[in-house]
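K.L.:
Predicted model and sequence below, questions to follow.
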Amino acid sequence: MSAASLGRGLRLDASGAVLAALGLLLVALVGLPMFWLGLNALDDRAGGLTLGNFAAVLGDASFREPLWTTLILASTVSLASCAVAAPLGWLVARTDMPLARPIRSLITASFVTPPFLGAVAWEILAAPNSGLLNALWRAATGAPEDMHLFNVYSLHGLCFVISCFTFPFTFVLVANALDRIPAELEDASSILGGGVFATLRRVTIPLVLPALLAGAVVAFLQAMTLFGSPAILALPAGFHTLTTKIWSLFQFPPKPHLAAAAAVPLLLVTILLLRLQRWIIGRRSYAVIGGKHGQPRLMRLGPWRWLALAVALAVLSLPVFLPYAALLKAALTRIPSAPVTFEALTLKHFNFVFVEFSQTRSALKNTVILGVAAATIGTGIAMVLGYLAARQAVRGHRWIDFLATAPVAIPGIVLGVGLFLAYTRPPFMLYGTLWILLFAYLTIELPIAFQQIRSALHGIHPELEEAGRILGASRLRMLKDVTAPLLTSGLVAAWCFIFIGVTRELSAAIMLFTANTKVISVVIYDLNESGDLGPIAVLGLLLLAISFVVVALASRFRTQGPGRVVG
Amino acid sequence: MSRARNFLMALAAALLAPIAASAVEPSKITPELIAAARKEGKVVVYTSIELQMAEKVAKHFEAAYPGIKVQVERSGSERLFQRLGQEYGSNIRVADVITTSDAAHFVIWKRQGWLAPYLPEDVVLHFPKEQYDPDGTYASWRLSLSVMGYNTKLIKAEDAPKGYRDLLDPKWAGRMVKANPNYSGTALTGVFQISRELGWEFFEKLAGQRVMQVQSSTEPPKKLSLGERAIQVDGNEYVLLQVKREGNPVEIIYAREGTPVIISPSAVLKAAPNPNAARLYQSHMFSRAGQQMLIDSAGMRSYHRQTKVAPDLPALDAIKVLKDDAAAVADEAEKIKERHSRYFRT
């Protein structure tokens, strides 16, 4: 802080030791669970190694079917997300559509909705007989009682619901990429005689392609690795996805070796896909950022802009308006499917959740503790790693890049299985404590925080840091006193991402919780297994409120000047 | 006064039933036990009873013994069985009292030496002898049936199915809901008893009827009340009754072929972190007040001889019921689950 301590205190650069510690931590977070996962997948339960578990998994139709289902599901969601996100991203970023900004913020904010909560909300909306939309449709058309428009308990329904809560990821990537396309390139195309569509096809689309592709991969991975939504929507319809299948292998009698073997295909597909993405993007150069360029020009839609607005609002209703309206209704009425009348209104679900339900308080406490701890520690780790990678500060920075993003390739449920196997035996008996959940959250959220911070660092010129180094500060000190303050908004964003990520996470937590270490997501899942929609709705709204309060508080740091976050 | 009477009754019971009482002394609620339980201040109960009922039971205990909080861990019986095993396997001891709707679990846990011998006085005095373990490690806390049922708005009373075989009629395809024996002890016990009576072909055919699969046996009644499905294949009698009491258009069906009896024992765990609170809780749950409360506010049935059956439920001997056989379920549970999963694909 003061010049004096800058001069003395840290003459000896502790960076090396810290680096080594971080490296070890990464290995522990990622390596140890994966080691046990691999070992269990190969375990013949007689002390030897075998490939028999894989044979058992692949030879059994009750595994192959979920594998296919999962691939169909993930591909469909990926395509649907792109099909919705690309035009919508273009509308909000490059046209004069009214309300473009609020629509964009709302779609981005819909990230806070946990997918499993969205699935429950869509159950209330589109269950074939009791779903509100189906009831509305029957009332409007006079269709008979046993007819329905939507059936959420089906592969179609599952694809639809997951897409609703996945396309926002793709959308954000595409819209941001569209922002960055320099107007000059599109102008050049028009000047050379290219029409609107020629420009779109020859200039704009190729330039956002990497973002779209990244969005497609993100959507694919999200759909493939989700646990909550398929458990809520597929099991009632009598089919499994790979994640629910893996989870069911932990029911009694538990078969961890088969679960581990079944988890490996999930891991391989993920790695393959990430490689493919890198390969496609890596073949071309898309350097559009650099030098000064004009603001992107907004296209005038004329009278069409109202139609565009209507379409955008309709799309927005799928992840935001309709589900939250359904949850609100379920929270305030006795029976979610009953028509809303004054007599039907009740506060009994609120009373139950806040007064009677003995788990609310501890689950809330655990969620907030874990959210804050994971966000704070994770941001810290990501900052150091992001700095080392972005500045190429040490030898082996490529390894940092790899290790910090590697967890992307580990689906939550696979990590859950791995952590369970790693930390239920000596020397690390962490099962039953919050630590094992903290490890899971840190591992899962590290990549997104790391990428966030690394890209923010690219926008900060190293001159200031070099000045600090010349004045004798160690790398760590310089990181704390110079870089971090400049990075504040990036750090806050990473912090919020991790916190919300923790509240959304179910697939690892479901493998790792015990009675005293339950989090809200697990409680909601439990409630769904016994069909208690009212309390789920109340807890879901509570979760939303917490997320907004925490994000609002965190955002205040952004405006309070530099240094506060890490001070 | 009541203590003196209790003593006499205990004495009488001891004299009349020397075999049952010989292994474990029946335990009374003593001031010392209450004081020791208060000191612990909390009891953790793993239970499979419907969640709102579970919290009601907890509040009933907390009102009787202020200063002792009940932490309710509700899940399906089979899930609880798996979780307790997983936790004990990792040396985690959280649960004080456990009660599930799969009586077979208690046979297994007793064999593993996980249960503490503890017989509340009421059990010895007022419960039929076959409803508690002679070694005193568990006793039948409650009894309910796994019933069929239907939504009266969707199906007229005269059209409603009368028994299990009626469900195979193609007209009910896509209109039924059923609980999962991988999760629910009620569903598991019910599947065992029905398959014993009707053969597994029944379930094989039923699986072809596009049955909606939910996890908990507390959920089918809720799906009926929503109108999401018209008929429940299985589900708790007490929950369906509760749904009906709340004014929803549902009706219970006692199947022509017989209705499965579901007995839910309760036990104190040997490694309970709050051993005194656990015993106090167990005693309270088996007391007349605790048992009558279950009947009145939850529509449960009880083996306690001093209780009265709920006025809106038929007496047990007026219904054709299927015989329960916990020992057989203990042996066959895995096979039943595997077979059910194969047919219903979940």
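P.N.:
Thanks, I have the structure now. None of the values given here were measured: they were computed from a predicted structure. Numbers count the residues shown, from 1 in each chain, chains lettered A, B, ... in the order given.

K.L.:
so who does whichever residue of chain A sits closest to chain B touch?
P.N.:
Ranked by C-beta to the nearest C-beta, the top residue of chain A for proximity to chain B is A:G531, at 3.4 Å. The way it works is simple: take the backbone N, C-alpha and C, and place the C-beta from them, glycine included. With contacts defined as C-beta atoms under 8 Å, 6 or more residues apart in numbering or on different chains, the neighbours of A:G531 are B:V214, B:S216, B:T218, B:E219, B:K222, B:K223.

K.L.:
again, but for B:L188
P.N.:
Listed by C-beta under 8 Å, 6+ apart, the contact partners of B:L188 are B:S77, B:E78, B:D102, B:P181, B:V329, B:A333, B:I336, B:K337.

K.L.:
From the chain's centroid, how far away is the longest helix along chain A?
P.N.:
In chain A, with assignment by DSSP state H, the single longest helix is helix A:61-94. A distance of 15 Å separates the C-alpha centroid of helix A:61-94 from that of its chain, computed with C-alpha atoms, centre = their mean, to the nearest Å.

K.L.:
and after it, which helix or strand comes next?
P.N.:
The first helix or strand that comes after helix A:61-94 along the chain, using DSSP states H and E, is helix A:100-109.

K.L.:
Tell me the buried residues in that next one?
P.N.:
Taking 16 or more other C-beta atoms under 10 Å in any protein chain shown as the basis for neighbour counts, the residues of helix A:100-109 that come out buried are A:A100, A:I103, A:R104, A:L106, A:I107, A:A109.

K.L.:
And stretch A:267-274, by the same measure?
P.N.:
When burial is assessed from 16+ other C-beta under 10 Å, stretch A:267-274 yields the following buried residues: A:L267, A:V269, A:T270, A:L273, A:L274.

K.L.:
cool, and stretch B:232-251?
P.N.:
When burial is assessed from 16+ other C-beta under 10 Å, stretch B:232-251 yields the following buried residues: B:232-244, B:248, B:250.

K.L.:
nearest to chain A, of those?
P.N.:
Ranking these by separation from chain A, with C-beta to the nearest C-beta as the measure, puts B:N248 on top at 7.0 Å.

K.L.:
Hmm, that closest one is touching B:S225, no?
P.N.:
Yes: under the contact definition of C-beta atoms under 8 Å, B:N248 touches B:S225, with a separation of 4.1 Å.

K.L.:
which residues are in contact with both of the two?
P.N.:
What both B:N248 and B:S225 touch, as defined by C-beta under 8 Å, 6+ apart, is the set A:I335.

K.L.:
Chain B contacts on the stretch 1-150 of chain A?
P.N.:
Residues of the stretch 1-150 of chain A found near chain B (C-beta under 8 Å from any C-beta of the partner chain) are A:S62, A:A127, A:P128, A:N129, A:S130, A:E145, A:D146.

K.L.:
quick revisit: go ahead and list the helix or strand containing the residue of chain A closest to chain B.
P.N.:
Using DSSP H and E, no element contains A:G531; it sits outside every helix and strand.

K.L.:
neighbours around A:N516, how many?
P.N.:
15 (other C-beta atoms under 10 Å in any protein chain shown).

K.L.:
Run a quick neighbour tally on residue 203.
P.N.:
Picked chain A for this. 18.

K.L.:
nope, chain B
P.N.:
22.

K.L.:
correct me, but it touches B:I336?
P.N.:
No: assessed by C-beta under 8 Å, B:F203 is found out of contact with B:I336, at 9.8 Å.

K.L.:
Need the residues touching each of those two.
P.N.:
Contact criterion C-beta under 8 Å, 6+ apart; residues shared by B:F203 and B:I336: B:V191, B:S195.

K.L.:
which ones are touching the residue most central in space within chain A?
P.N.:
To find the centre residue of chain A, average its C-alpha atoms and take the closest one (C-alpha atoms, centre = their mean): that gives A:G501, at 6.0 Å. For A:G501, the set of contacting residues under the criterion of C-beta under 8 Å, 6+ apart consists of A:Y441, A:I444, A:E445, A:I448.

K.L.:
wait, which of these is closest to B:I49?
P.N.:
For those, the residue nearest B:I49 by C-beta to C-beta is A:Y441; the value is 32.3 Å.

K.L.:
quick one: which two of the residues of the stretch 1-150 of chain A next to chain B are the most distant?
P.N.:
Pairwise across the residues of the stretch 1-150 of chain A next to chain B, and taking C-beta to C-beta, the largest span is found between A:S62 and A:E145, at 34.7 Å.

K.L.:
hang on, the earlier thing: near chain A, which of the buried residues of stretch B:232-251 show up?
P.N.:
B:N248.

K.L.:
Cross the buried residues of stretch B:232-251 against strands and list the overlap.
P.N.:
B:Q232, B:V250 (DSSP state E).
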